[in-house]
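In: Here you go, sequence then predicted model.
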Amino acid sequence: MSELIDDSRFKKQTLKHLIQSLHEGTAPEAVRAQLVRLMGQVPYAMVVEVEQELISEKVLSVGEIQKLCDLHSAALKGVLEKSAAPVPPAGHPVDVFFKENRALERVLLSLKEAAAALEPLADDAPGQEAAGRLRAHVAALAEVDKHYKRKEFLLFPFLEKRGITGPPTVMWGKHDEARGLLKTALEALAAESAPVAGTLKSVARLVLAPALDAVAEMIFKEENILLPMCLDALTEGEWLEVRDQSAEIGYCLITSVPEWRPAGAPAPATKKAAGQRLQFPTGSLSVEELSAMLDSLPFDLTFVDKDDRVGYFTGGKERVFARNEAVIGRKVQFCHPPSSVHRVTAILEDFKSGKADRAPFWINMKGRFVHIEYFAVRDREGRYLGTLEVTKDITELRKLEGEQRLMPPAKAP
């Protein structure tokens with residue numbers, strides 16, 4: 001047993017050293033050759049363990065690992081050991097991720113073929129039809145957002161509970177890079193009303209190619225490292241939670257998902273509000289009344305407790321931002337893209353110190369005008385209890401003029 005432990009420790013230290021050497025400028029090919037010589041094969045779970053340790057020990061920051069994440073993948077291709085990885089049954093969340101990846105690969109291939117078909121054309125040749133094909137394929141590829149969100153909101157919370165926080169944060173950052181590249185590609189393809197082949201070639205080389213590489217690299221990282229490790233780590237009960245909440249976020253490029261539920265597992269229970277009444281200084285409400293009242297509000301509420309953990313969110317029909325049950329109990333810092341975490345942290349620090357009590361923002365999102373405001377929640381003695389986030393789509397409100405003192409007449413059915 002001690003020999004196995006020593007061997008594992010040696011491999012981890014070797015992998016740590018070689019990852020650090022990548023960050024110091026060693027070429028991925030040279031690192032891969034050293035991995036083969038010193039380790040033979042690298043266990044998939046060890047990659048995540050080593051990255052987490054490098055971040056926890058402050059040897060490398062999340063940003064540094066994210067910046068060179070693709071070099072890590074290049075160095076590890078062909079040397080990852082996956083023979084012991086479990087094979088998920090049909091309909092299992094990991095099986096669904098795999099099926100979506102195959103669909104994404106088909107779109108990637110179509111895009112590469114469409115881009116290659118541009119090369120023989122003269123630069124001044126009309127490109128309207130080719131641009132339409134490219135736009136359709138890129139729009140399909142942008143469906144990967146649902147795939148990434150299911151990882152961010154359903155898988156990552158379970159990893160965080162096991163102390164694995166750095167690698168998911170790095171991966172979320174890479175998701176955002178891919179999203180940004182795909183958005184830029186769509187905007188570039190829509191910019192010209194009468195595109196020519198030369199313009200489309202430039203878009204394909206400078207914008208589209210990096211976007212395709214980003215999606216393809218993420219498929220490699222998922223299937224060779226993240227998903228096998230999650231199959232080892234998560235319990236069947238946790239996978240059921242992922243499965244039962246996935247449809248709310250949606251699926252990517254697949255239209256049907258086989259039913260999966262382990263033998264003997266009960267069907268999802270329908271939640272019922274408790275019958276007791278809650279007494280407030282100005283009256284009382286039953287749990288059922290309070291829940292229905294909060295869910296009927298024309299805006300979204302999310303409460304984060306004094307320890308920065310999400311404690312509650314409303315479940316109205318038209319949420320501005322996606323929420324699901326997996327977020328409950330999760331550190332709010334892990335619920336935001338890495339690029340905005342520093343702003344969230346600064347707001348919470350100001351609320352806790354008493355420096356501020358509110359922080360308003362407004363953004364344009366997919367043609368809608370969204371107002372977001374954070375409020376410090378304090379008790380009567382001024383002690384900080386948490387933060388309330390209020391989010392509202394005010395697009396229609398901004399158009400109001402004059403007055404409306406009476407209810408408009410009901411429309412005929």
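Out: Happy to help now that I have it.

In: for the chain, what spans make up the strands?
Out: 42-43, 80-81, 277-280, 283-286, 300-305, 310-313, 358-365, 368-378, 384-393 (DSSP state E).

In: which helices and strands sit right next to the longest one?
Out: Contacting strand 368-378 under the criterion 3 or more CB pairs under 8 Å, 6 or more residues apart in numbering; DSSP states H and E are the following elements: helix 341-353, strand 358-365, strand 384-393. No exception for glycine: its C-beta is placed from N, CA and C like everyone else's.

In: Could you list the buried residues of that strand?
Out: Buried residues in strand 368-378, defined by neighbour count with 16 or more other CB atoms under 10 Å: 369, 370, 371, 372, 374, 375, 376, 377.

In: The first one: what's it in contact with?
Out: Residue 369 sits next to 362, 363, 393, 394, 395, 398 when contact means CB atoms under 8 Å, 6 or more residues apart in numbering.

In: and this protein, what are its domains?
Out: As assigned by automatic domain parsing, the chain contains the domains 2-81, 93-249, 277-399.

In: Could you check the pLDDT of the nearest residue to residue 221 once chain neighbours are set aside?
Out: Spatially, and ignoring its direct neighbours in sequence, residue 221 is nearest to residue 73 (6.0 Å; CB to CB, 6 or more residues apart in numbering). As predicted, residue 73 sits at a pLDDT of 79.

In: what's the burial count for residue 73?
Out: Number of residues near residue 73 (other CB atoms under 10 Å) recorded here: 20.

In: Find the residue closest to residue 320 in space, skipping its chain neighbours.
Out: Excluding the flanking residues, the one nearest residue 320 by CB to CB, 6+ apart is residue 391, at 4.8 Å.

In: In the stretch 151-300 of the chain, what residue spans correspond to helices?
Out: For the stretch 151-300 of the chain, the helices defined by DSSP state H, counting those that start in this stretch cover 156-161, 166-190, 197-203, 209-221, 227-233, 236-249, 287-295.

In: Need those helices in a markdown table (columns: mean pLDDT, distance to residue 142 and mean neighbour count).
Out: Shown next, in a markdown table, are these (pLDDT from 0 to 100; distance: least, CB to CB, whole Å; neighbours: other CB atoms under 10 Å):
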| stretch | mean pLDDT | distance to residue 142 | mean neighbour count |
| --- | --- | --- | --- |
| helix 156-161 | 92 | 21 | 20 |
| helix 166-190 | 91 | 5 | 20 |
| helix 197-203 | 93 | 15 | 19 |
| helix 209-221 | 94 | 9 | 19 |
| helix 227-233 | 91 | 22 | 20 |
| helix 236-249 | 90 | 15 | 17 |
| helix 287-295 | 88 | 30 | 14 |
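
In: For residue 93, which of the ones you listed is the nearest?
Out: Taking CB to CB, helix 236-249 is the member of the helices of the stretch 151-300 of the chain nearest to residue 93, at 4.6 Å.

In: quick one: contacts of that closest one?
Out: Applying CB under 8 Å, 6+ apart, the external contacts of helix 236-249 come out as 91-93, 96, 146, 149-150, 153-155, 158, 234, 257, 260-262, 265, 268, 322, 324-326.

In: how close does residue 35 get to residue 306?
Out: To residue 306, residue 35 is 45 Å away according to CB to CB, to the nearest Å.

In: In terms of packing, which of the two has more residues around it?
Out: Applying other CB under 10 Å to residue 35 and residue 306 shows that residue 35 carries more neighbours, namely 21 against 15.

In: Spatially nearest residue to the more buried one (excluding sequence neighbours)?
Out: Once flanking residues are discounted, residue 35 sits nearest to residue 79: 4.9 Å by CB to CB, 6+ apart.

In: Residue 42 is in contact with that neighbour, correct?
Out: Yes: Residue 79 is within contact range of residue 42, at 5.3 Å (criterion: CB atoms under 8 Å).

In: Those two: which is more packed in?
Out: Legend: neighbour count by other CB under 10 Å for residue 79 and residue 42, higher for residue 42 (23 against 16).

In: Mind listing the residues bridging to that one?
Out: As for beta bridges, residue 42 partners with residue 80 under DSSP bridges.

In: quick one, what contacts it?
Out: By CB under 8 Å, 6+ apart, the contact list for residue 42 reads 11, 15, 35, 76, 79, 80, 81.

In: Now render the strands of the chain as JSON lines, adding mean pLDDT.
Out: Formatted as JSON lines, the strands of the chain follow (pLDDT from 0 to 100):
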{"stretch": "strand 42-43", "mean pLDDT": "77"}
{"stretch": "strand 80-81", "mean pLDDT": "76"}
{"stretch": "strand 277-280", "mean pLDDT": "82"}
{"stretch": "strand 283-286", "mean pLDDT": "86"}
{"stretch": "strand 300-305", "mean pLDDT": "92"}
{"stretch": "strand 310-313", "mean pLDDT": "90"}
{"stretch": "strand 358-365", "mean pLDDT": "91"}
{"stretch": "strand 368-378", "mean pLDDT": "94"}
{"stretch": "strand 384-393", "mean pLDDT": "94"}
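
In: among those strands, which is nearest residue 292?
Out: Using CB to CB, these put strand 283-286 closest to residue 292, at 9.3 Å.

In: Note down every partner strand of the closest one and its orientation.
Out: In the sheet, strand 283-286 lines up against strand 277-280 (antiparallel) (DSSP bridges).

In: quick one on the thing from earlier: tell me the most buried of the helices and strands packed on strand 368-378?
Out: Across these, averaging neighbours per residue (mean count of other CB atoms under 10 Å) puts strand 384-393 on top, at a mean of 18.

In: quick one, it and strand 368-378 angle?
Out: Using axes from the mean of the first three to the mean of the last three CA atoms, to 10 degrees, the inter-axis angle of strand 384-393 relative to strand 368-378 is 170 degrees.

In: other SSEs contacting strand 384-393?
Out: Against strand 384-393 (3+ CB pairs under 8 Å, 6+ apart) you get strand 300-305, helix 341-353, strand 368-378.

In: what's the closest of those to residue 226?
Out: Evaluated with CB to CB, the helices and strands packed on strand 384-393 place helix 341-353 nearest to residue 226, the distance being 20.2 Å.

In: circling back: redo the helices and strands packed on strand 384-393 as CSV? Include distance to residue 60.
Out: Listed next are these as CSV, based on distance: least, CB to CB, whole Å:
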stretch, distance to residue 60
strand 300-305, 29
helix 341-353, 17
strand 368-378, 31
